[in-house]
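>>> Need a 3D model of the following:
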Amino acid sequence: MFGDLERSRLIAYSAAFIGLIALGSWISIPCIPVPFTLQTLFVLLAGAVMKRRAVIPVAAYVVLGALGLPVFHNGMAGPGVLLGPTGGYLIGFIFTALVVGLAYERESRYVHIAGIACGTAITLLFGMAWLMYSLGMGLLPAFSAGVLPFVIGGTIKCVAAYVIARRLP
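Model prediction:
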């Protein structure tokens, strides 16, 4: 690894984004069945900064939480969190990071914006689908509980991620 700048950068960015996503999980507003957190902002930023390799820290974050490190919202941990109402959102983060990362491999600002918007939609759709499965909700109740409350906050996080990413090298 000595002298391999790209690998060193990957490790450093991965550690930083795992920490930021974990930090974002502590900044939460309780809501039933899923709390509002800042995790999504850092997942979007990971995709913007690390491109497709953002999957590495996001997947590592999910695995670390599943293994028992208290990195999920409000210090929760373990496989029970993934099997609970928030599990779909957490798994969706991995695909969100990939979509945003692929979008940021292009030069177009419009593709970047579309990637961030699609990434946020992916997180919400995974969350809604998991709510339907894990809690036995119908489509409309799952949409009302798992998507609608997050539209305004998600839009703000999309704009923030785009603006922050534009300012990063």
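
>>> From now on I want contacts and neighbour counts done on CA atoms only, so please keep to that.
Will do.

>>> Output the lowest mean pLDDT helix or strand found in the protein.
strand 28-29 (a mean of 82; mean pLDDT, DSSP states H and E).

>>> in this structure, what spans have low per-residue confidence?
1-2 (pLDDT under 70).

>>> quick one, helices of it?
Here the chain has its helices, by DSSP state H, at 5-26, 39-50, 55-66, 79-83, 87-103, 109-134, 139-146, 151-167.

>>> could those go into a markdown table alongside mean neighbour count and distance to Phe72?
As requested, the helices of the chain are exported to a markdown table (neighbours: other Cα atoms under 10 Å; distance: least, Cα to Cα, whole Å):
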| stretch | mean neighbour count | distance to Phe72 |
| --- | --- | --- |
| helix 5-26 | 17 | 6 |
| helix 39-50 | 27 | 9 |
| helix 55-66 | 22 | 6 |
| helix 79-83 | 16 | 8 |
| helix 87-103 | 25 | 9 |
| helix 109-134 | 21 | 15 |
| helix 139-146 | 17 | 18 |
| helix 151-167 | 16 | 18 |
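
>>> For Pro33, find the nearest of the ones you listed.
The closest of those to Pro33 is helix 139-146. By Cα to Cα, the value is 7.2 Å.

>>> Now do the closest one: which elements does it pack against?
On a contact count with 3 or more Cα pairs under 8 Å, 6 or more residues apart in numbering; DSSP states H and E, helix 139-146 meets helix 109-134.

>>> sorry, back to before: could the helices of the chain go into TSV alongside distance to Pro33?
As requested, the helices of the chain are exported to TSV (distance: least, Cα to Cα, whole Å):
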stretch	distance to Pro33
helix 5-26	15
helix 39-50	16
helix 55-66	19
helix 79-83	12
helix 87-103	11
helix 109-134	9
helix 139-146	7
helix 151-167	16
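
>>> From Ala12, how far off is Leu67?
Leu67 sits 22 Å away from Ala12, going by Cα to Cα, to the nearest Å.
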